[in-house]
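A.B. asks: Based on what follows, work out the 3D shape:
(chains A, B and C)
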Amino acid sequence: MPQTQIAEWLVQNGTIALEILGSLAFALSGLLEAARKRFDIVGMVMVAALAAFGGGTLRDILLDRRPFFWVQNEIAIWVTLIGCVLILTFVRRAHLEVTERLMQWPDALGLGVFAAGGTQIALNSNAPMLIAVVMGVITAVFGGVLRDVVVNEIPRAFNDHQPYAVLAFLGGWVVVGLNALGFEDWSAVAIGSTVIIGLRILAMLRGWRLRVWKA
Amino acid sequence: MPQTQIAEWLVQNGTIALEILGSLAFALSGLLEAARKRFDIVGMVMVAALAAFGGGTLRDILLDRRPFFWVQNEIAIWVTLIGCVLILTFVRRAHLEVTERLMQWPDALGLGVFAAGGTQIALNSNAPMLIAVVMGVITAVFGGVLRDVVVNEIPRAFNDHQPYAVLAFLGGWVVVGLNALGFEDWSAVAIGSTVIIGLRILAMLRGWRLRVWKA
Amino acid sequence: MPQTQIAEWLVQNGTIALEILGSLAFALSGLLEAARKRFDIVGMVMVAALAAFGGGTLRDILLDRRPFFWVQNEIAIWVTLIGCVLILTFVRRAHLEVTERLMQWPDALGLGVFAAGGTQIALNSNAPMLIAVVMGVITAVFGGVLRDVVVNEIPRAFNDHQPYAVLAFLGGWVVVGLNALGFEDWSAVAIGSTVIIGLRILAMLRGWRLRVWKA
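C.D. replies: Modelled structure (predicted):
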């Protein structure tokens, strides 16, 4: 894997910027879920934080990767905190439903960025291919799972019958394949993210459904 | 603790084989629970994976043991994945209830193997006795706990009033005792597993109940 | 940060003593919750253990701090176990409600001790300020969160609209500030704990409420 210092810097900082962006989208989903359940302010911030940082933290625990990205880049926490406050200030409850539909778009972004980024991070930690892909899925999906568990709902990712985690899984293999072909980290992540985001948007627009197991 | 290379090999590979077997039983329990809740395919696989690998993973995190057994032995994941697909193909929903009753048997196997194996692994990591026993219980029980939490049920292990976790606890002390008596790893695990499995089967057949706290 | 051997010994042992005390209070909260849900004995002990050790364990995992405090000080587990048995023996179910109201007092103690202690522990692990404060909150609050998740309730800390986690957050900044001012560990923790406990008792007596987000 040829890798110049500039590419390294780009990957590192690009990944961080995108992780912050994805984190914000996921934090917003946590805020909405907590608002719908009439949590207090503290509960809202906590659910938002779980949704935003839960998946990446679990990935880092599983890969034994320290410090966590949110320790290394404290700014991610500050941006998320301030983002939450701004959203709480400007979004009216009457708009919750609209907000939720709009939310699918940044959420698709988060899905792609976290899944592709998580897979690449795992590959860089020398995880075998399948494990790396699973780590990508965990990064992208488990924040939402923790969010739903904590508000006492069945995780949406498990039974809303829309392609979501499965796209993270597919995109992870794209990243793995590109790495095997000698692509550099940043381009593998960029292409992998794009594939996932594109598929997710298609799934949303076309109303794709997962095959249900009927027996 | 005398230990020849052959015994070591046996323990290592025997443990892996049994962990895969136990994982399959637990994965099946996850599939059934997810099917009953009408999860989609992705949700079913995820709940199955949580049930199968959750307990051992939590143990490894707590013992700071890396790589995880399912990273070290990727085959465990493949076998579980393929096992899930086969089960989904061959088990009809009409048979869910029957399947569930039959499931108690491999589940008893998983309970014994994971509890005894988990205790031994913790002892080998120089955990004190009580901690080792607790690690065995966590290994055997927390996959199921995570499975139940994620499908929004109260963990069966906590309130079905049948002896389950308590047998893992007892069997763990058997493993600890045998180690103290100088038994080799593999025989301590073998005897401990057998004790747990035997007690569990007795509990099932005789309908043993846990004392309920009434005050 | 000047620090003599005696101070070090005091901090270490004082922290342990207070953590055991706080653990007992949290364990009791787990017992009560499990009793209300009619869990069996095993379930009660498990929920108690989750409530007592969950927060500190999560903090140690996040800080990559091994061995865990309950591995290093096995006595914490024994005291908690024996405490549970004594409570189960002496508290009658008829008294559950009274017990719950009384429980708020040791719980306030646990909140203060865990939050201030957790923050200090994180600072000693060279965590940045904000992270250290968050670690304190996690230490104090997540045992209760896990307890509530496992009995299939929405975490009380998230939506009971009373100041709880937010006090841990404030007190954490007190600890951080005192450290910055050159106070020794033990006095920073002592003052921080006192502030949190005092505020919590005030909140209880005055019926303080968190601002609800209405939009």
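A.B. asks: what about residue A:143, how many neighbours?
C.D. replies: 29 (other C-beta atoms under 10 Å in any protein chain shown). C-beta: built from backbone N, CA, C; applies to glycine.
A.B. asks: any idea which element it lies in?
C.D. replies: helix A:129-150 (DSSP states H and E).
A.B. asks: Now the closest residue to chain B within chain A: closest residue in space, sequence neighbours ignored.
C.D. replies: As assessed by C-beta to the nearest C-beta, chain B sits closest to residue A:158 within chain A, at 3.1 Å. Nearest residue to residue A:158, sequence neighbours excluded (C-beta to C-beta, 6 or more residues apart in numbering or on different chains): residue B:43, at 3.1 Å.
A.B. asks: Please apply the same query to residue A:174.
C.D. replies: Going by C-beta to C-beta, 6+ apart, residue A:174 has residue A:192 as its nearest residue, at 4.6 Å.
A.B. asks: Check residue A:132 too.
C.D. replies: Nearest one to residue A:132, counting by C-beta to C-beta, 6+ apart, is residue A:122 at 3.8 Å.
A.B. asks: isn't the one you found right next to residue A:59, touching?
C.D. replies: Yes. At 7.2 Å, residue A:122 and residue A:59 qualify as touching, with contact defined as C-beta atoms under 8 Å.
A.B. asks: so what sits against both of these two?
C.D. replies: residue A:135 (C-beta atoms under 8 Å, 6 or more residues apart in numbering or on different chains).
A.B. asks: related to what we said a few turns ago, what's the local residue count around the residue nearest to residue A:132?
C.D. replies: 28.
A.B. asks: Tell me who's in contact with it.
C.D. replies: With C-beta under 8 Å, 6+ apart, residue A:122 has these contacts: A:59, A:63, A:131, A:132, A:135, A:136.
A.B. asks: returning to what we had before: run through the neighbouring helices and strands of the helix holding residue A:143.
C.D. replies: Helices and strands touching helix A:129-150, by 3 or more C-beta pairs under 8 Å, 6 or more residues apart in numbering or on different chains; DSSP states H and E, are helix A:5-36, helix A:41-63, helix A:96-124, helix A:156-159, helix A:165-180, helix B:75-90, helix B:129-150, helix C:129-150.
A.B. asks: re earlier: need the contacts of residue A:122 in a markdown table with neighbour count and pLDDT, can you?
C.D. replies: Output for these, formatted as a markdown table (neighbours: other C-beta atoms under 10 Å in any protein chain shown; pLDDT from 0 to 100):
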| residue | neighbour count | pLDDT |
| --- | --- | --- |
| A:59 | 27 | 92 |
| A:63 | 24 | 90 |
| A:131 | 22 | 91 |
| A:132 | 24 | 94 |
| A:135 | 28 | 94 |
| A:136 | 31 | 95 |
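A.B. asks: number of nearby residues for the closest residue to residue A:44 other than its chain neighbours?
C.D. replies: Nearest residue to residue A:44, sequence neighbours excluded (C-beta to C-beta, 6+ apart): residue A:34, at 4.2 Å. Applying other C-beta under 10 Å, we find 28 residues neighbouring residue A:34.
A.B. asks: Let me know whether residue A:34 touches residue A:148 as I believe.
C.D. replies: No. The pair residue A:34 / residue A:148 is not scored as a contact, 11.2 Å apart, by C-beta under 8 Å.
A.B. asks: sorry, back to before: I figured the residue of chain A closest to chain B was touching residue B:45, is that so?
C.D. replies: No. Contact criterion C-beta under 8 Å: residue A:158 and residue B:45 do not qualify, at 9.5 Å.
A.B. asks: residues of stretch A:168-178 that come out buried?
C.D. replies: Buried residues in stretch A:168-178, counting neighbours by 16 or more other C-beta atoms under 10 Å in any protein chain shown, are found at A:168, A:169, A:170, A:171, A:172, A:173, A:174, A:175, A:176, A:178.
A.B. asks: which parts of chain A sit against chain B?
C.D. replies: A:61-62, A:64, A:127-128, A:130-131, A:134, A:145, A:149, A:152-155, A:157-161, A:163-166, A:210-215 (C-beta under 8 Å from any C-beta of the partner chain).
A.B. asks: per-residue pLDDT, the residue of chain A found nearest chain C?
C.D. replies: Evaluated by C-beta to the nearest C-beta, chain A has residue A:43 as its residue closest to chain C, separated by 3.1 Å. The confidence metric pLDDT takes the value 87 at residue A:43.
A.B. asks: Now for it, how many residues are close by?
C.D. replies: 27.
A.B. asks: how about it, what does it touch?
C.D. replies: A:34, C:155, C:157, C:158, C:159.
A.B. asks: now do residue A:139
C.D. replies: A:55, A:56, A:58, A:59, A:114, A:115, A:117, A:118, A:119, A:121.
A.B. asks: quick check, nearest of these to residue C:9?
C.D. replies: residue A:58 (36.7 Å; C-beta to C-beta).
A.B. asks: how about the nearest residue to that closest one, chain neighbours excluded?
C.D. replies: residue A:142 (5.1 Å).
A.B. asks: now residue A:50
C.D. replies: Here the residue nearest residue A:50, using C-beta to C-beta, 6+ apart, is residue A:146, at 4.7 Å.
A.B. asks: which sections of chain A are below the confidence cut-off?
C.D. replies: A:1-4, A:7-8, A:10-12, A:15, A:91-100, A:212-215 (pLDDT under 70).
A.B. asks: For the closest residue to residue A:119 other than its chain neighbours, give its distance to residue B:63.
C.D. replies: Excluding the flanking residues, the one nearest residue A:119 by C-beta to C-beta, 6+ apart is residue A:136, at 3.4 Å. Residue A:136 sits at a distance of 26 Å from residue B:63 (criterion: C-beta to C-beta, to the nearest Å).
A.B. asks: On the three-state scheme, residue A:127 is what?
C.D. replies: Of the three states, residue A:127 takes coil under DSSP: H, G, I helix; E, B strand; the rest coil.
A.B. asks: go on, residue A:71?
C.D. replies: helix.
A.B. asks: Surely it and residue C:125 touch.
C.D. replies: No. With contact defined as C-beta under 8 Å, residue A:71 does not reach residue C:125; the gap is 10.3 Å.
A.B. asks: between the two, who's got more neighbours?
C.D. replies: Comparing residue A:71 with residue C:125 by neighbour count (other C-beta under 10 Å), the higher total belongs to residue A:71, at 21 against 16.
A.B. asks: how about the more buried one, what does it touch?
C.D. replies: C:127, C:128, C:131.
A.B. asks: Pick out whichever of the residues you listed sits closest to residue C:76.
C.D. replies: Using C-beta to C-beta, the contacts of residue A:71 come closest to residue C:76 at residue C:127, 22.7 Å.
A.B. asks: Pull up the gap between that closest one and residue A:72, please.
C.D. replies: From residue C:127 to residue A:72 the distance is 11 Å (C-beta to C-beta).
A.B. asks: Between the two, which is the more surrounded one?
C.D. replies: residue C:127 (20 against 15).
A.B. asks: Can you give the contact residues for stretch A:143-153?
C.D. replies: A:26, A:29-30, A:33-34, A:37, A:39, A:46-47, A:50-56, A:114, A:154-158, B:149-150, B:152, C:145, C:149, C:152-155, C:158.
A.B. asks: change it to 6 Å
C.D. replies: Here stretch A:143-153 makes contact (C-beta atoms under 6 Å, 6 or more residues apart in numbering or on different chains) with A:26, A:30, A:33, A:37, A:47, A:50-51, A:54-55, A:155-157, C:154.
A.B. asks: export these to CSV and tack on neighbour count?
C.D. replies: Compiled in CSV, those are given as follows (neighbours: other C-beta atoms under 10 Å in any protein chain shown):
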residue, neighbour count
A:26, 31
A:30, 30
A:33, 22
A:37, 17
A:47, 29
A:50, 27
A:51, 31
A:54, 24
A:55, 30
A:155, 23
A:156, 17
A:157, 25
C:154, 19
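A.B. asks: Just give me the closest of those to residue C:104.
C.D. replies: Using C-beta to C-beta, these come closest to residue C:104 at residue C:154, 19.0 Å.
A.B. asks: residues touching the closest one, list them.
C.D. replies: Contacts of residue C:154 (C-beta under 6 Å, 6+ apart): residue A:152.
A.B. asks: I'd like to know how far it sits from residue B:50.
C.D. replies: 21 Å.
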